[in-house]
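> Mind folding the following:
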Amino acid sequence: MPFTRRSLAILSAALVWAGVAAAQTYPAKPVRAVVPFAAGSATDQIGRAFAQKMSETLGQPIIIENKPGVNGMLGASEVAKAAPDGYTILIGTNSTNAALKSLMKQLPYDQDTAFAPVAYMGSVPLIMSVNNDVPAKTLKELVDLAKSKPGHVTFASASTSQLVSTEMMNSMAGIKMTNVPYKSGPAAMTDLIGGQVMMFSADFAVMLPQVKAGKVRGLAVTSSKRSPAVPELPTVNEALGLKDYELIAYFAVFAPAGTPPEIVNKLNQAVNAAAQNKDIQEKFAAIGFAVEPGTPQALAERSKRETAKWAKAIKEAGIEPQ
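A predicted model of the protein is given here:
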């Protein structure tokens, strides 16, 4: 028995030392960062900017790999199944790490346990817009149009926040619109401009340039306060006389569950350094991006709150799991 205990103690110490040694040399090669949405999306733009700054801190390149599909599920699933060695990370969102649990009947991973929270990056509001040929000049007029012709108004969605932001508004306003799903935000934007769909609610990175260029008509922002980036647009609450509507998209870094804490902490420091970088803050100020550096534990707690929040929003919007 003493021999067995001693053997276990030696083995345990050896494993701890191996973990510490690996963390001390980490990263010894490029890191792969999976973006679960298409190139050009807000997640992609923010992920690439952060990856560049994180590379400077870590001393190794961070290679972005886009793997879009099923509201981010395909990319998230790949990271969930990756080796927990710090060389594969996820640029996660409210979709992959909060809402998917309520949107899908079954996930190929356990959303609550498959990931090690690394660091929160920041958040952005969305803009609700319509094609220029749609007669509605305000969100109230769009709601009135939808009330007069249930199901006539079509809206695009390529992510959880895009779908839920509109369905939540539909539920609170007592209207019915027809959803047209897309694989990517840029593809949905192309069809909004072309008139294949009438309405689209998307993050500032995708929507604001088109609103500013006059290619689509912005109606409202989904945050609880007006955005300095587009102060002329009212909030959904203002536009419809509501008081409880708010929906924002957020971004955070996750690693596969089981990634050594020492490696998670190194990644956390790199993300926080990027978040505090003035170049990044200034680059994304125009899309309403608000950074919020924090600890892995703070992200873990936020993920629990957000999962509950999105479950409530999805249920109240009447969205059935697929």
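> Spatially central residue in the chain, please.
In the chain, the C-alpha nearest the mean C-alpha coordinate belongs to Thr93, at 2.5 Å (Cα atoms, centre = their mean).
> and this structure, what are its domains?
The record's domain parsing of the chain by automatic domain parsing lists 30-124+248-316, 125-240.
> Export those as CSV, with columns for distance to Ile10.
Every residue, glycine included, has its C-beta placed from N, CA and C. Putting these into CSV (distance: least, Cβ to Cβ, whole Å) gives the following:
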stretch, distance to Ile10
domain 30-124+248-316, 20
domain 125-240, 48
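> Need those domains in CSV (columns: mean pLDDT).
As requested, those are exported to CSV (pLDDT from 0 to 100):
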stretch, mean pLDDT
domain 30-124+248-316, 94
domain 125-240, 94
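> in the stretch 101-250 of the chain, which spans are strands?
115-131, 154-157, 178-181, 199-203, 216-221, 248-256 (DSSP state E, counting those that start in this stretch).
> where along the protein do the helices fall?
2-25, 42-58, 73-80, 94, 100-103, 139-148, 160-173, 185-194, 204-212, 236-240, 261-275, 278-285, 296-316 (DSSP state H).
> For the shortest one, which helices and strands make contact with it?
Yep, that's helix 94 we're talking about. Counting contacts by 3 or more Cβ pairs under 8 Å, 6 or more residues apart in numbering; DSSP states H and E, the secondary-structure elements packed against helix 94 are strand 248-256.
> distance between the strand it packs on and the chain's centre?
Its chain's average C-alpha position is 6 Å from that of strand 248-256, according to Cα atoms, centre = their mean, to the nearest Å.
> the inter-axis angle of that strand versus helix 160-173?
Here strand 248-256 runs at an angle of 140 degrees relative to helix 160-173 (axes from the mean of the first three to the mean of the last three Cα atoms, to 10 degrees).
> relative orientation of strand 248-256 and strand 115-131 in degrees?
Using the same axes, to 10 degrees: strand 248-256 against strand 115-131 is 150 degrees.
> wait, which of the domains of the chain is closest to Ala23?
Closest of the domains of the chain to Ala23 is domain 30-124+248-316, at 3.2 Å (criterion: Cβ to Cβ).
> circling back to that earlier point, please verify my assumption that the residue nearest to the centre of the chain contacts Pro36.
Yes - in this structure, Thr93 is within contact of Pro36 by Cβ atoms under 8 Å, at 7.4 Å.
> anything in contact with each of the two?
Counting by Cβ atoms under 8 Å, 6 or more residues apart in numbering, the common neighbours of Thr93 and Pro36 are 43, 72.
> how many neighbours does the residue lying closest to Lys176 once chain neighbours are set aside have?
Leaving out its chain neighbours, the residue that sits closest to Lys176 by Cβ to Cβ, 6 or more residues apart in numbering is Pro150, at 4.5 Å. Neighbours of Pro150 under the rule other Cβ atoms under 10 Å: 11.
> Test my guess that Pro150 contacts Gly174.
No - with contact defined as Cβ under 8 Å, Pro150 does not count as touching Gly174 (10.3 Å).
> need the contact list for the residue nearest to Met177 when sequence neighbours are not counted.
Spatial nearest neighbour of Met177, chain neighbours left out: Val153 (4.6 Å); criterion: Cβ to Cβ, 6+ apart. Counting by Cβ under 8 Å, 6+ apart, Val153 touches 142, 145-146, 175, 177-178, 198-199.
> before we move on, the earlier item: kindly provide the distance from the residue nearest to Lys176 to Met198.
14 Å (Cβ to Cβ, to the nearest Å).
> now swap in Asn66 and tell me
Here Asn66 is placed at a distance of 28 Å from Met198 (Cβ to Cβ).
> Compare neighbour counts for these two and give me the winner.
Legend: neighbour count by other Cβ under 10 Å for Asn66 and Met198, higher for Met198 (23 against 19).
> The more buried one reaches Val130, doesn't it?
Yes - with contacts counted by Cβ under 8 Å, Met198 reaches Val130, the gap being 5.9 Å.
> Quick check: neighbours shared by these two?
Leu192.
> Next up, the contacts around Ile287.
Contacts for Ile287 (Cβ under 8 Å, 6+ apart) come out as 42, 124, 203-205, 208, 229.
> Turn those into CSV, including distance to Leu267.
Converted to CSV, the contacts of Ile287 look like this (distance: Cβ to Cβ, whole Å):
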residue, distance to Leu267
Ala42, 21
Val124, 22
Asp203, 24
Phe204, 26
Ala205, 24
Leu208, 30
Ala229, 29
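> which ones are touching Phe284?
Taking Cβ under 8 Å, 6+ apart as the contact definition, Phe284 lies against 45-46, 49, 122, 124, 205.
> Kindly recompute the last result at 6 Å.
Neighbouring residues of Phe284 by Cβ atoms under 6 Å, 6 or more residues apart in numbering: there are none.
> ditto for the one 5 residues further on
Under the criterion of Cβ under 6 Å, 6+ apart, the neighbours of Phe289 are 122, 124.
> Could you do Ala158 as well?
Ala158 is in contact with 182, 184-185, 188, counting by Cβ under 6 Å, 6+ apart.
> how does it look with 10 Å?
Applying Cβ atoms under 10 Å, 6 or more residues apart in numbering, we find Ala158 in contact with 37-38, 41, 68, 71, 180-189, 200, 202, 206.
> I'm done for today, thanks for sticking with me.
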